[in-house]
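**Q** Model the structure of this input:
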Amino acid sequence: MSEKILIVDDDIDSLKLIGLMLQRHGYEVMAANAGMQALSKAGTDRPDLIILDVMMPDMDGYEVCRRLRANQATRGIPIIMFTAKTLVDDKVAGFEAGADDYLTKPTHPAELASRVKAILARSAGQRSQVPSRGMTMGFIGAKGGVGTTTLALNATAALVLGGETPIVADFRLGSGSLSLLLGMPHTASLANVLTKPVADITPATLEKELYTHASNIRALLSSINPQEAQLQFAQEAAAAVISNLRLLSHHVIVDLGSQYNATVQHLQHEMDQIVLVVDPFRITLAMARELIQELEDTTSLTDRIHVVAVNRTPHNLPWSEIEQTLGRELRAVITDAPDLAQEAARTTTPMTMLQPNAIVSNQIVKLTEDLNTRTRAMAGSRLLT
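**A** Okay, here's the model as predicted:
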């Protein structure tokens, strides 16, 4: 698998020339022509190397470099500053900002290629020392009321029962039913983090905001305060939350809610697996079909989207008809258990822990094991490539 290199330069001609040269050497190339765009792409696409210009209109390369180094998720990405600024003080400023190398324009393509190769080789040698990143599962409902939060919470509980130490994050700002299910309705820990500068969102920051339930489930919660839904924050902050949660746990479960908003559109790129929750009604399936199409069009998630149906009534569409409507196989069908769900809510204990031998508990545990196996297999294939 070829290494990914992000080129950051506001000069379009430079972007093209450097990009073509690197592609000829077998690298995968991404481009950004502004500082904020570079920070976003670095956080989302995880390049193996960044080639960074200094002089840009919105934010100079020194500041971009400092912000990359301040963010736990991007601080390990090697950076080559490639600029027309040739003074010794400029180079010192580049290294002080965190650059790994500093090249001045014009530079012969062979020298740039040689520097790139050397930096990547050094980075590969250090990679074994970098903490492993946890895997993410995002749960999104085709519409509200299909059981997305309940399924996400009980999948988290199933991981705990299996000896894991997962974290579940509720991105339903102002509608934090996860906090209700865990008995903490006024906890606004996610909102506290999202309002911070992106550079301040670190594992240590998140650790302070995590709520640990009596069941040993750790959660980053949203509250049920309607005002919280109006919170303004940078989408890069949401991505930084997920990136840093990955450093705190091998398993991060994310409740994405039931609206395909800007935050979900941004976070879908952070998900290793996406579970689309539906109920067996034609209106829900029509909405699910549109959402699947959108996810497939905007990401490479085609093989990582898993549809789960939650039965709500005795009069349901047949399994085969649901699959035919969606054009996808169902990963699981979860039996409705209203009495157990009510008792779980009353005792603030997930169903899979309250009655581990119940049919619905076994179904959720089996689904979680399946998703976990797929996620580990995906991680293994990444290592092999």
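**Q** Strands of the stretch 251-385 of the chain, residue ranges please.
**A** 251-257, 273-278, 305-310, 330-334 (DSSP state E, counting those that start in this stretch).
**Q** For the ones you listed, give me JSON lines that also has mean pLDDT, mean neighbour count and distance to I77.
**A** Just so you know, the C-beta spots here come from the backbone N, C-alpha and C atoms, and that holds for glycine as well. Shown next, in JSON lines, are the strands of the stretch 251-385 of the chain (pLDDT from 0 to 100; neighbours: other C-beta atoms under 10 Å; distance: least, C-beta to C-beta, whole Å):
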{"stretch": "strand 251-257", "mean pLDDT": "97", "mean neighbour count": "26", "distance to I77": "20"}
{"stretch": "strand 273-278", "mean pLDDT": "96", "mean neighbour count": "24", "distance to I77": "24"}
{"stretch": "strand 305-310", "mean pLDDT": "95", "mean neighbour count": "23", "distance to I77": "28"}
{"stretch": "strand 330-334", "mean pLDDT": "93", "mean neighbour count": "17", "distance to I77": "34"}
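**Q** what would these look like in a markdown table with distance to A152?
**A** Formatted as a markdown table, the strands of the stretch 251-385 of the chain follow (distance: least, C-beta to C-beta, whole Å):
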| stretch | distance to A152 |
| --- | --- |
| strand 251-257 | 4 |
| strand 273-278 | 8 |
| strand 305-310 | 11 |
| strand 330-334 | 12 |
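**Q** which stretch among these comes nearest T150?
**A** Comparing those against T150 with C-beta to C-beta, the closest turns out to be strand 305-310 (8.3 Å).
**Q** So which residues make contact with that closest one?
**A** With C-beta atoms under 8 Å, 6 or more residues apart in numbering as the test, strand 305-310 has contacts from 146-147, 151, 273-280, 288, 292, 295-296, 319, 322, 326, 328-334, 336, 367, 371.
**Q** what's the angle from it to strand 273-278?
**A** Between strand 305-310 and strand 273-278, the angle comes out at 30 degrees (axes from the mean of the first three to the mean of the last three C-alpha atoms, to 10 degrees).
**Q** strands paired with strand 305-310, and their directions?
**A** Each strand paired with strand 305-310, and its direction, by DSSP bridges: strand 273-278 (parallel), strand 330-334 (parallel).
**Q** Between these, which one is closest to E3.
**A** Closest of the strands paired with strand 305-310 to E3 is strand 273-278, at 24.8 Å (criterion: C-beta to C-beta).
**Q** how about the strands paired with strand 305-310 in TSV, adding distance to N192?
**A** TSV is the format used below for the strands paired with strand 305-310 (distance: least, C-beta to C-beta, whole Å):
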stretch	distance to N192
strand 273-278	26
strand 330-334	33
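**Q** how about low-confidence regions in the protein?
**A** Counting by pLDDT under 70, the chain has low-confidence residues at 1, 72, 125-132, 299-301, 314-315, 378-385.
**Q** the domain parsing of it - what is it?
**A** Here the domain parsing of the chain from automatic domain parsing is 4-129, 135-384.
**Q** Quick one: the helices in the stretch 251-385 of the chain, in order.
**A** 262-267, 282-298, 319-326, 338-347, 351-354, 359-384 (DSSP state H, counting those that start in this stretch).
**Q** Give me the contact list for the shortest one.
**A** Right, helix 351-354. Applying C-beta under 8 Å, 6+ apart, the contact partners of helix 351-354 are 150, 154, 157-158, 160-161, 215, 337, 340-341, 343-344, 347, 358, 360-361, 364-365.
**Q** Derive a ChimeraX selection command for the buried subset of those residues.
**A** Applied in ChimeraX, the following selects the buried portion of these according to 16 or more other C-beta atoms under 10 Å:
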select :150,154,157,158,160,161,215,337,340,341,344,360,361,364,365
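**Q** any idea how far E228 lies from L6?
**A** Going from E228 to L6 by C-beta to C-beta, to the nearest Å gives 34 Å.
**Q** ugh, wrong one, I274
**A** For I274, the distance to L6 - C-beta to C-beta - is 25 Å.
**Q** can you check R69 too?
**A** Distance of R69 to L6, computed by C-beta to C-beta: 15 Å.
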